[in-house]
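Visitor: Here is a sequence with its predicted model. Questions after.
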Amino acid sequence: MFDDAHLARRAEELRVTAGDHYRKAAQYDARGNEAQAEQAREAAVRSTQRAEIHERLKGRPWSAMAMAWILGADPDEARKLLDQVEQVPAEELLTYGDRDPHLEYRIATLQGRACEWAMANAMRNGTVDSVVDEVLRMEELGVEVNIAALARMTGISRQTLHARLRKLRASE
């Protein structure tokens, strides 16, 4: 599903789409419609960013789940994650050992596992946020939620729940 040929083809399609958006923006500018021109330029930038993400994923022995998540994520979030995974060079990652092609493959696989961890962590954080949002909605209805019981029910620590609730309450 995410072989290099597919990623390259999709990246090219996205670049063509970006060009189409830029042409539309120029047409809107010529007609004096600045709002639509700006929207078209933003769409072009998003298409270009997505194309770059597809290109960066080529050659990686990552799971389809990790690749699908990155490709479906917000482009800024995806770039941030790829930058994070790539920022640690192999020389720093390995304390000892000779570099060979097999080891390079294992390092790339390890990067994929790091990406999966980051993906799961982001999903977990999103879930925690949605649980906390629901608690706040219930409190607005005049109901008090037992945080200790909620912690047991969800597996989210009481400390995490209290900290997130304090943060959101302070921002209200």
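Guide: In hand now; what should we look at? Note that this is a predicted model, so its numbers are computed, not measured. Numbering: from 1, shown residues only.
Visitor: continuing past the helix or strand harbouring M138, what's the next helix or strand?
Guide: Secondary structure assigned from DSSP states H and E places M138 in helix 101-140. Going down the chain from helix 101-140, the next helix or strand is helix 147-154, by DSSP H and E.
Visitor: Can you give the distance of the helix or strand encompassing A5 from its chain's centre?
Guide: A5 is part of helix 4-31, with elements assigned from DSSP H and E. Relative to its chain's centre, helix 4-31 lies at 22 Å (C-alpha atoms, centre = their mean, to the nearest Å).
Visitor: before we move on, back to that, which strands and helices sit next to the helix holding M138?
Guide: Helix 101-140 sits against helix 64-72, helix 75-86, helix 90-93, helix 147-154, helix 158-171, with contacts defined as 3 or more C-beta pairs under 8 Å, 6 or more residues apart in numbering; DSSP states H and E. Every residue, glycine included, has its C-beta placed from N, CA and C.
Visitor: quick one: which of the ones you listed is nearest M119?
Guide: M119 lies closest to helix 64-72 among the helices and strands packed on helix 101-140, at 4.7 Å (C-beta to C-beta).
Visitor: what comes into contact with that closest one?
Guide: The contact list for helix 64-72, computed with C-beta atoms under 8 Å, 6 or more residues apart in numbering, reads 1-2, 50, 53-54, 57, 60, 78, 81-82, 112, 115-116, 119.
Visitor: and that helix with helix 4-31, angle?
Guide: For helix 64-72 against helix 4-31, the angle between stretch directions is 10 degrees (axes from the mean of the first three to the mean of the last three C-alpha atoms, to 10 degrees).
Visitor: quick one: pLDDT of the residue of the chain most remote from its centre?
Guide: Distance from the C-alpha centroid of the chain peaks at R31, with 36.4 Å (C-alpha atoms, centre = their mean). pLDDT recorded at R31 is 94.
Visitor: and if you look at M1?
Guide: If you check M1, the pLDDT there is 59.
Visitor: cool, and M65?
Guide: Per the predicted model, pLDDT is 84 at M65.
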